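Trainee: How does the following fold in three dimensions:
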Amino acid sequence: GPGGPLPITSKDGRKSWQVYARPFKNQGNNHLVAIVIKDLGQSETATDAAINLLPGNVTLAFDPYAPNLPNWIKKARAAGHEVMIMVPLEPSNFPFDDPGPMGLMTGNSLAKNISRLEMILGQMTGYIGVMTSLGSKFNKSDGHLRSFLGELKKRGLLFFEGVISSDSLAPKLANEIGLPNTSTNVVLDVIPTKSQIDSKIDELEKMLSKKNAVVAIAEGYPTSIERIATWTSGLNSKKFVLAPLSAIIHKQTLK
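Mentor: Have a look, this model is predicted:
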């Protein structure tokens, strides 16, 4: 592809989202929580901390505009993390929020968006799928979404919607075409202070008591990493299990 090697589904049916997934088994049939740290790669300090201070079952999502992505992916996977690449989508308030030169836009032809997607997907290898960012406008465009999601399915990738939006068509369309997908339930660090993150963790625990599986996201802020590391170290006593994102597929239903 224009940016580098692209993922494919192999002739014997192997798919990237399964081949590169972190091995996981839910021994006690407990409720699962996946945590994704996003926007990694731009800050060396934040990326190093996410890789080295968080458990391997925490999934890491990398900014496609970050430098030296292949090196970061090698370090992350060596530390046991499964990884994702982020795909920026057009927001309704563009250009105030700008997805950048590789962003997928509703004003583009389908072919141009696929070309941009291929540029993103070629930035690194060894990832299970894509995590979206922004997208409040793109996520309402049926035709553009179908083209984007169809390409992900063809390439054997997992789709993770990185925003919480009741208006998004993406989960419905992904299910329609049989694309493995999952969505964000809780953003832990909208306000990245200890008290606010702990409050969101309490919200997460309440949600976990009612659902089979929940997905939370956060950024690589020092406070976020410290609070997540502390919380995940005590999960066994709460009968919750930290799982890589790939283990959540098809499990985000009411208990």
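
Trainee: Tell me which stretches of the stretch 101-250 of the chain form helices.
Mentor: Along the stretch 101-250 of the chain, the segments classed as helices by DSSP state H, counting those that start in this stretch run 110-121, 142-154, 170-177, 194-208, 222-232.

Trainee: I'd say residue 127 and residue 83 touch.
Mentor: Yes: using Cβ atoms under 8 Å as the test, residue 127 is close enough to residue 83 to be in contact (4.9 Å). For glycine as for every other residue, the C-beta is placed from the backbone atoms N, C-alpha and C.

Trainee: quick one: common contacting residues for those two?
Mentor: Taking Cβ atoms under 8 Å, 6 or more residues apart in numbering as the contact criterion, the residues that touch both residue 127 and residue 83 are 20, 62, 73.

Trainee: Any figure for the gap between the first one and residue 7?
Mentor: What that stands for is residue 20. Distance, residue 20 to residue 7, by Cβ to Cβ, to the nearest Å: 9 Å.

Trainee: what is in contact with the two at once?
Mentor: residue 127.

Trainee: ok, residue 163 to residue 248 distance?
Mentor: Here the distance between residue 163 and residue 248 works out to 17 Å (Cβ to Cβ).

Trainee: which one of the two has more residues nearby?
Mentor: Neighbours of residue 163 and residue 248, each counted by other Cβ atoms under 10 Å, are more numerous for residue 248; the result is 26 against 19.

Trainee: does that one really touch residue 216, like I thought?
Mentor: No: in this structure, residue 248 is not within contact of residue 216 by Cβ under 8 Å, at 10.9 Å.

Trainee: Now for the two: what residues contact both?
Mentor: Counting by Cβ under 8 Å, 6+ apart, the common neighbours of residue 248 and residue 216 are residue 34.

Trainee: and which of the shared contacts of residue 127 and residue 83 is nearest to residue 244?
Mentor: Ranking those by separation from residue 244, with Cβ to Cβ as the measure, puts residue 20 on top at 10.4 Å.

Trainee: Report the contact partners of the closest one.
Mentor: Taking Cβ under 8 Å, 6+ apart as the definition of contact, the neighbours of residue 20 are 77, 82, 83, 126, 127, 128.

Trainee: do the same with residue 190
Mentor: Under the criterion of Cβ under 8 Å, 6+ apart, the contact partners of residue 190 comprise 196, 200.

Trainee: What does the pLDDT read for residue 4?
Mentor: pLDDT, the model's per-residue confidence, is 86 for residue 4.

Trainee: just to revisit the earlier point, mark which of the shared contacts of residue 127 and residue 83 are part of helices, please.
Mentor: Secondary structure from DSSP state H places residue 73 of these in helices.

Trainee: got JSON lines for the shared contacts of residue 127 and residue 83, with pLDDT too?
Mentor: Converted to JSON lines, those look like this (pLDDT from 0 to 100):
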{"residue": "20", "pLDDT": "96"}
{"residue": "62", "pLDDT": "98"}
{"residue": "73", "pLDDT": "96"}
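
Trainee: Columns distance to residue 177 on top of the shared contacts of residue 127 and residue 83, output as CSV?
Mentor: Below are the shared contacts of residue 127 and residue 83 laid out as CSV (distance: Cβ to Cβ, whole Å):
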residue, distance to residue 177
20, 21
62, 25
73, 27
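
Trainee: Among the shared contacts of residue 127 and residue 83, which one sits closest to residue 56?
Mentor: residue 20 (13.5 Å).

Trainee: Sketch out the low-pLDDT regions of the chain for me.
Mentor: Within the chain, the set of residues satisfying pLDDT under 70 comprises 252-255.

Trainee: what about residue 69, neighbour count?
Mentor: Residue 69 has 21 nearby residues by other Cβ under 10 Å.

Trainee: brain fart, residue 157
Mentor: Tallying neighbours of residue 157 according to other Cβ under 10 Å, which is how burial is gauged here, yields 25.

Trainee: Thanks a lot, see you next time.
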